[in-house]
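**Student:** Build the 3D model from these lines:
(one chain, ligands or ions: 1)
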Amino acid sequence: MASTRRYDVVIIGGAVVGSSVAYFLTSLAPGLAVAVVEPDPTYEWCSTLRASGGVRVLFSCPENIEMSKFGRDFIQAFPQAMAVDGREAPVDWVQGGYLFIVPPEGLPLLESNYRVQRAHGCDVEMLGPAELAARFPSMFVGDLAAGVHSPGDGWCDPNGLLQGLRRKAIAQGAHYIAERVVALACDGTQVRRATLGSGEMLAADAFVNAAGPWAAEIAAMVDMPLPVAPLRRFEHYFTCGNPIERLPYVKDTARLAFRSEGPGFSGGLVNGDEPRGFNFEVDHDWFEQVVWPAVAHRFPPFEAARCHRTWSGLYEQCELDGNPIIGNWPGRRDNFHVAAGFSGHGMMHAPAAGRAIAELIVHGRFDTLDLARLGYARIARNAPYAEAGIL
Ligand SMILES: Cc1cc2nc3c(=O)[nH]c(=O)nc-3n(C[C@H](O)[C@H](O)[C@H](O)COP(=O)(O)OP(=O)(O)OC[C@H]3O[C@@H](n4cnc5c(N)ncnc54)[C@H](O)[C@@H]3O)c2cc1C
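**Tutor:** Okay, the predicted model is just below:
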């Protein structure tokens, strides 16, 4: 007969979001018995290791702005805060700034988002075409109305963030199990047990679904419809071929997004119409046909650009509104907490989401940041709560 181990909390998925939940749970409630079920200790296919590491406050929803502010502070203090036995946790933070640029039709939205960001105390500046050209001399500004620059934003190493959280969570008592959850058993509104691939069972008082692009599969095990789908996106490392100034993380309304990386650049152009599914195949023509023309239009020195590497990764796209789903399904799955659907923002929001889920489990409410509008209730009501403007 299969054995059953008992924990207070079982977290399903142990990449950046699951490890953040484990870290905050074991910080908030030392002594809590926390298991993290993660089948792949190499993290080969998870989204976290394929991310480009961007952290920015340039959102329109207050929750996203506040989650980013917390994440940014958390990441800057990370090496020392996550040290274990005196060994720091490097995360390679680069405060390179973000820059959102828009054509004339995008200006009203950029301005209204800018006002929200200012109201939330963000360090953002609105730049007209002449100011953009003065600041970034290689940029073609002829078709632009404005840009918003956030000099305090930047990027970090997603693997460093994941490994630091994981190591610290383990040092604080979390137990990582190299297994896959294959079934969940419910009793009324409560999830009671997870069955692992080995046949072993884990019983717990609370469960967390942090399975990224696989989150809908996990939710289906408890008959919870979760509109989270895998969306393939390419990331490229390329060099300019001509001298050019260092650039911030540049994003435009066509979803071009790229930033400086060492002597070159890293980024891509998201195709929101990409068929959903677990597809990691690389289209080696995508850079030449789609990304390069867009980059070279905006920064002509990139006419001589060369792509050195392309990789693919999966966004865990929330199909309702592109925002994360954080929390339980009240009255239906009370002790089953989702932290998924981050739609391309899950690395920067992992610290705040982990803290939020830990607060829900330990205190039964959000203590520091009210994320109720990102809860499952909007999914159940089919009532989108979306970002406005650049995604
Ligand atoms: C190309 C690209 C660029 C990106 N750039 C950025 C960026 O600049 N900034 C940003 O904030 N975000 C970015 N993202 C998004 C970010 O990577 C994700 O939102 C984030 O990594 C999600 O983390 P996660 O832990 O939820 O999911 P994942 O990292 O995918 O981890 C999910 C884990 O669940 C595990 N799992 C699956 N099935 C099971 C099961 N049955 N039982 C137990 N465990 C299971 C998997 O093994 C996996 O390790 C980018 C993503 C991509 C693809």
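**Student:** can you tell me which residues contact the most centrally placed residue in the chain?
**Tutor:** Among the residues of the chain, the one closest to the centroid is residue 346, at 1.2 Å (Cα atoms, centre = their mean). Counting by Cβ atoms under 8 Å, 6 or more residues apart in numbering, residue 346 touches 16, 17, 47, 48, 51, 212, 316, 324, 353. Every residue, glycine included, has its C-beta placed from N, CA and C.
**Student:** Please tell me the pLDDT value assigned to it.
**Tutor:** Listed pLDDT for residue 346 reads 98.
**Student:** Ok, residue 255 next?
**Tutor:** 92.
**Student:** which one is it nearest to, not counting chain neighbours?
**Tutor:** residue 270 (4.3 Å; Cβ to Cβ, 6 or more residues apart in numbering).
**Student:** Just name the closest of the contacts of residue 346 to residue 229, please.
**Tutor:** Nearest to residue 229 among the contacts of residue 346 is residue 316, at 7.7 Å by Cβ to Cβ.
**Student:** Secondary structure element holding that closest one?
**Tutor:** Assessed by DSSP states H and E, residue 316 sits inside strand 306-318.
**Student:** which bits of this structure sit near the ligand?
**Tutor:** 12-13, 15-18, 37-40, 43, 46-48, 50-54, 180-181, 210-214, 218, 233, 235, 313-316, 340, 342, 344-348 (Cβ under 6 Å from any ligand atom).
**Student:** if we can go back for a sec, tell me, how many neighbours does the residue nearest to residue 255 end up with?
**Tutor:** Counted with other Cβ atoms under 10 Å, the neighbours of residue 270 add up to 19.
**Student:** surely it meets residue 257?
**Tutor:** Yes: contact criterion Cβ atoms under 8 Å: residue 270 and residue 257 qualify, at 7.1 Å.
**Student:** what distance separates the helix or strand hosting residue 362 from the middle of the whole chain?
**Tutor:** Element membership for residue 362 (DSSP H and E) is helix 346-363. Mean-position distance between helix 346-363 and its chain equals 12 Å (Cα atoms, centre = their mean, to the nearest Å).
**Student:** Show me what counts as buried in it.
**Tutor:** By neighbour count with 16 or more other Cβ atoms under 10 Å, helix 346-363 contains the buried residues 346-362.
**Student:** same check, this time on stretch 134-153
**Tutor:** Those would be 136, 138-139, 141, 144-150, 152-153, for stretch 134-153 by 16+ other Cβ under 10 Å.
**Student:** Please tabulate those residues in a markdown table, including the columns distance to residue 62.
**Tutor:** Output for the buried residues of stretch 134-153, formatted as a markdown table (distance: Cβ to Cβ, whole Å):
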| residue | distance to residue 62 |
| --- | --- |
| 136 | 29 |
| 138 | 34 |
| 139 | 30 |
| 141 | 30 |
| 144 | 27 |
| 145 | 25 |
| 146 | 22 |
| 147 | 22 |
| 148 | 16 |
| 149 | 20 |
| 150 | 16 |
| 152 | 18 |
| 153 | 17 |
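**Student:** among these, which are in helices?
**Tutor:** Judged by DSSP state H, these include no members of helices.
**Student:** Mind checking which of the residues you listed land in strands?
**Tutor:** In strands, defined here by DSSP state E, the members of these are 146, 147, 148, 149, 150.
**Student:** Where does pLDDT dip in the stretch 1-150 of the chain?
**Tutor:** Of all residues in the stretch 1-150 of the chain, those with pLDDT under 70 make up the ranges 1.
**Student:** Can you show me the strands along it?
**Tutor:** All strands of the stretch 1-150 of the chain, identified by DSSP state E, counting those that start in this stretch, fall at 4-6, 9-12, 34-37, 54-55, 98-102, 125-127, 146-150.
**Student:** Please identify which residue in the stretch 101-250 of the chain comes closest to the ligand.
**Tutor:** Across the stretch 101-250 of the chain, no residue is closer to the ligand than residue 212, which sits at 2.3 Å (Cβ to the nearest ligand atom).
**Student:** State the number of residues packed around that residue.
**Tutor:** For residue 212, using other Cβ under 10 Å, the count is 26.
**Student:** how about the helices in this structure?
**Tutor:** Going by DSSP H, the chain shows helices at 16-28, 62-76, 78-81, 107-119, 129-135, 158-171, 215-220, 286, 292-298, 346-363, 377-381.
**Student:** Tell me what angle the fourth one forms with strand 98-102.
**Tutor:** With axes from the mean of the first three to the mean of the last three Cα atoms, to 10 degrees defining the directions, helix 107-119 sits at 150 degrees from strand 98-102.
**Student:** In helix 107-119, which residues are buried?
**Tutor:** Buried residues in helix 107-119, counted by 16+ other Cβ under 10 Å: 110, 113, 114, 116, 117.
**Student:** hmm, who's touching that helix?
**Tutor:** The contact list for helix 107-119, computed with Cβ under 8 Å, 6+ apart, reads 57-60, 62, 65, 100, 102, 124, 126, 145-148, 150, 388-389.
**Student:** That one vs helix 62-76, what angle?
**Tutor:** Using the same axes, to 10 degrees: helix 107-119 against helix 62-76 is 60 degrees.
**Student:** Now do helix 107-119 against strand 146-150, angle only.
**Tutor:** 20 degrees.
**Student:** Adding distance to residue 296, write the buried residues of helix 107-119 out as CSV.
**Tutor:** Converted to CSV, the buried residues of helix 107-119 look like this (distance: Cβ to Cβ, whole Å):
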residue, distance to residue 296
110, 23
113, 27
114, 28
116, 33
117, 30
